[in-house]
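[1] Here you go, sequence then predicted model.
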Amino acid sequence: MGKIVVVGSINMDMVFTSDKRPKAGETVIGNTFSLIPGGKGANQAVAASKLGADTYMIGCVGNDSNGEFSLKNLRDMKVNTRAVKIVDKAPTGLANIIVADNDNSIIVIPGANFEMDKDVIKENKALLLSADMVLLQLEIPMEVVEYVVDICAENKVRVLINPAPAAPLKKSLIEKATYITPNEHELRLIFDNQETDAVLKQYPNKLIVTMGSRGVKYHDGNEIREVPSNKVDVVDTTGAGDTFCGALAAALVRGDSIEGAVIFANKAASFTVTRLGAQSGMPELADLL
């Protein structure tokens, strides 16, 4: 199995559930509280590792109990954390998630994730260059993302960018990336509301657009291909996008074609939504076989 290096965020998710969302100035009695390891980078690393890829994480956590918990969890999930830096001047990233009224609202404190800088990348350049695929998201500073992509492009290392949370991307970054996996909202922001099919034709075998329950779309060089989602009973959609990206990377470094990798990643994401939690709901390779 190939080697994946994830450069990204590591968070602790504080999840509150309640029947009712509090209004300004209001206090309500909730139902449950959970502390769950999260962050798009960590989630995607866990997804890839669970599906058999040799996975390494480059990121930052605070010198605190949440950082300890996050690192232990990654190691338990067989993600190599030797390139995760523990920083003193910021806490581990936190997400406050309120689940109520069949929806969620989230406040994210980036914390140590925004202590990621070019020096952290320079210290781990050899690890980047040893990768079969580098996987990135946008919960770390954009200048770090651009720096990593530059290094990968110069050294012919494949790189997959998941442009979430949504943010504009420089045209040079789009050109240098091997694969980009936006959802429809992210695609509209990046490409100035251009029509989806028109954008896909400009970037064959690079842009892979996720469309939730409607599946996935990409251009294979000849035509636009649509891979429908698998029909399942949805329990929790948290982490489905991260599972898709981790699984896509795992399949591509394994040597699958783009079509095969998209089908595999779609299947993995569909499995995730049938179980509670992001990382806890992610499938093992045996689950998909």
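    Yes, it's here.

[2] tell me the mean pLDDT for stretch 153-171?
    Mean pLDDT, stretch 153-171: 96.

[3] quick one, helices of the stretch 101-250 of the chain?
    118-123, 125-129, 142-154, 171-176, 184-190, 196-202, 240-254 (DSSP state H, counting those that start in this stretch).

[4] okay, those helices, which one's buried deepest?
    helix 240-254 (a mean of 27; mean count of other C-beta atoms under 10 Å). Every residue, glycine included, has its C-beta placed from N, CA and C.

[5] Tell me which other helices or strands that one touches.
    strand 3-7, helix 40-50, strand 133-136, strand 159-161, strand 208-210, helix 258-272 (3 or more C-beta pairs under 8 Å, 6 or more residues apart in numbering; DSSP states H and E).

[6] how far out from the middle of the chain is that helix?
    Helix 240-254 sits 9 Å away from the centroid of its parent chain (C-alpha atoms, centre = their mean, to the nearest Å).

[7] before we move on, what about stretch 127-140?
    11 Å.

[8] Same question for stretch 216-231.
    Worked out by C-alpha atoms, centre = their mean, stretch 216-231 lies 20 Å from the chain centre.

[9] quick one: terminal-to-terminal distance for it?
    The straight-line separation of the ends of stretch 216-231 (C-alpha to C-alpha, to the nearest Å) is 14 Å.

[10] buried ones in that stretch?
    Using 16 or more other C-beta atoms under 10 Å as the test for burial, stretch 216-231 gives 216-219, 225, 227, 229-230.

[11] Show me the two of those that sit farthest apart.
    219 and 230 (22.1 Å; C-beta to C-beta).

[12] where does the stretch 51-200 of the chain have low pLDDT?
    Low-confidence segments of the stretch 51-200 of the chain (pLDDT under 70): none present.

[13] again, only using 80
    Applying pLDDT under 80 to the stretch 51-200 of the chain picks out residues 102-104.

[14] Quick check: which of the helices of the stretch 101-250 of the chain is nearest to residue 11?
    Nearest to residue 11, of the helices of the stretch 101-250 of the chain and by C-beta to C-beta, is helix 240-254 at 11.7 Å.

[15] How about exporting that closest one as PDB, limited to the C-alpha atoms?
    Extracted in PDB, the C-alpha atoms of helix 240-254 (Å, rounded to 0.1, in the frame of the first residue of the first chain):
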ATOM      1  CA  ALA A 240     -18.500  11.900   5.000                       C
ATOM      2  CA  GLY A 241     -16.500  14.400   2.900                       C
ATOM      3  CA  ASP A 242     -13.300  13.700   4.900                       C
ATOM      4  CA  THR A 243     -13.900  10.000   4.500                       C
ATOM      5  CA  PHE A 244     -14.200  10.500   0.700                       C
ATOM      6  CA  CYS A 245     -10.900  12.400   0.500                       C
ATOM      7  CA  GLY A 246      -9.000   9.900   2.700                       C
ATOM      8  CA  ALA A 247     -10.400   7.000   0.800                       C
ATOM      9  CA  LEU A 248      -9.800   8.600  -2.600                       C
ATOM     10  CA  ALA A 249      -6.100   9.100  -1.700                       C
ATOM     11  CA  ALA A 250      -5.800   5.600  -0.300                       C
ATOM     12  CA  ALA A 251      -7.200   4.100  -3.500                       C
ATOM     13  CA  LEU A 252      -5.100   6.200  -5.800                       C
ATOM     14  CA  VAL A 253      -1.800   5.400  -4.100                       C
ATOM     15  CA  ARG A 254      -2.800   1.800  -4.200                       C
END
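
[16] Average pLDDT for that helix, rounded please.
    For helix 240-254, the per-residue pLDDT averages 95.

[17] now stretch 267-276
    Stretch 267-276 comes out at a mean pLDDT of 82.

[18] Tell me the buried residues in that stretch?
    267-273.

[19] Hmm, residue 248 is touching residue 261, no?
    Yes - between residue 248 and residue 261 there is a contact at 5.3 Å, judged by C-beta atoms under 8 Å.

[20] What is the nearest of the buried residues of stretch 267-276 to residue 101?
    residue 273 (19.4 Å).

[21] got the contact list for that closest one?
    Residue 273 makes contacts with 232, 234-237, 240, 281, as judged by C-beta atoms under 8 Å, 6 or more residues apart in numbering.

[22] Quick one: buried ones out of those residues?
    The buried subset of the contacts of residue 273 - by 16+ other C-beta under 10 Å - is 236, 240, 281.
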